[in-house]
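Engineer: Have a look at this prediction, sequence included:
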Amino acid sequence: MSDETMKKLTDIQARHADELMAHANVVGCGIGLAMKDGLYTETPALVVMVTVKLPVAQLDPKDVLPRELEGERVDVQQTGGFTAQTEPTVTADLKTDSSGKSATTGVATAADDDLLTSESD
């Protein structure tokens, strides 16, 4: 996505985010690539995330999202709901190796113990 397209979509999102978030079932909006048949396309879009994607016939007319805003595509994508975690699952610590170069090491919490297995376990 070009910088110009990203800027244009960012500006459109800023102008319309409150309006989009007011629709029932909408849990977020952002900028990304449109999806078709479950696969990402190369088409930049204003992405509206919903808990469940429903056919237009099942929506209250006031909750139908626009197909375009200011000439740019709006793509509705089903994401489910979002919840904030109270504990981080993985944190990254910046370390410096003996040559002075930075290296990132992952540090996992107890919640990830089942994901952290190695051949020596």
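Structural biologist: Noted; the coordinates are in hand.

Engineer: where does this structure dip in pLDDT?
Structural biologist: 88-121 (pLDDT under 70).

Engineer: ranges for the helices of it?
Structural biologist: Along the chain, the segments classed as helices by DSSP state H run 3-21.

Engineer: how about the most centrally placed residue in it, what does it touch?
Structural biologist: Centroid-nearest residue in the chain: residue 30, 6.7 Å away (criterion: Cα atoms, centre = their mean). Counting by Cβ atoms under 8 Å, 6 or more residues apart in numbering, residue 30 touches 13, 46, 47, 49. Glycine gets a C-beta too; all of them are placed from N, C-alpha and C.

Engineer: top of the residues you listed by neighbour count?
Structural biologist: residue 46 (26 neighbours; other Cβ atoms under 10 Å).

Engineer: looking at it, it is touching residue 14, isn't it?
Structural biologist: No: contact criterion Cβ atoms under 8 Å: residue 46 and residue 14 do not qualify, at 10.7 Å.

Engineer: Next, count neighbours for residue 50.
Structural biologist: 21.

Engineer: Kindly apply the preceding question to residue 57 instead.
Structural biologist: Residue 57, neighbours per other Cβ under 10 Å, totals 6.

Engineer: Same check on residue 1?
Structural biologist: When neighbours are counted by other Cβ under 10 Å, residue 1 comes out with 13.

Engineer: Quickly note the distance from it to residue 40.
Structural biologist: 12 Å (Cβ to Cβ, to the nearest Å).

Engineer: swap in residue 6?
Structural biologist: 16 Å.

Engineer: Noted, bye for now.
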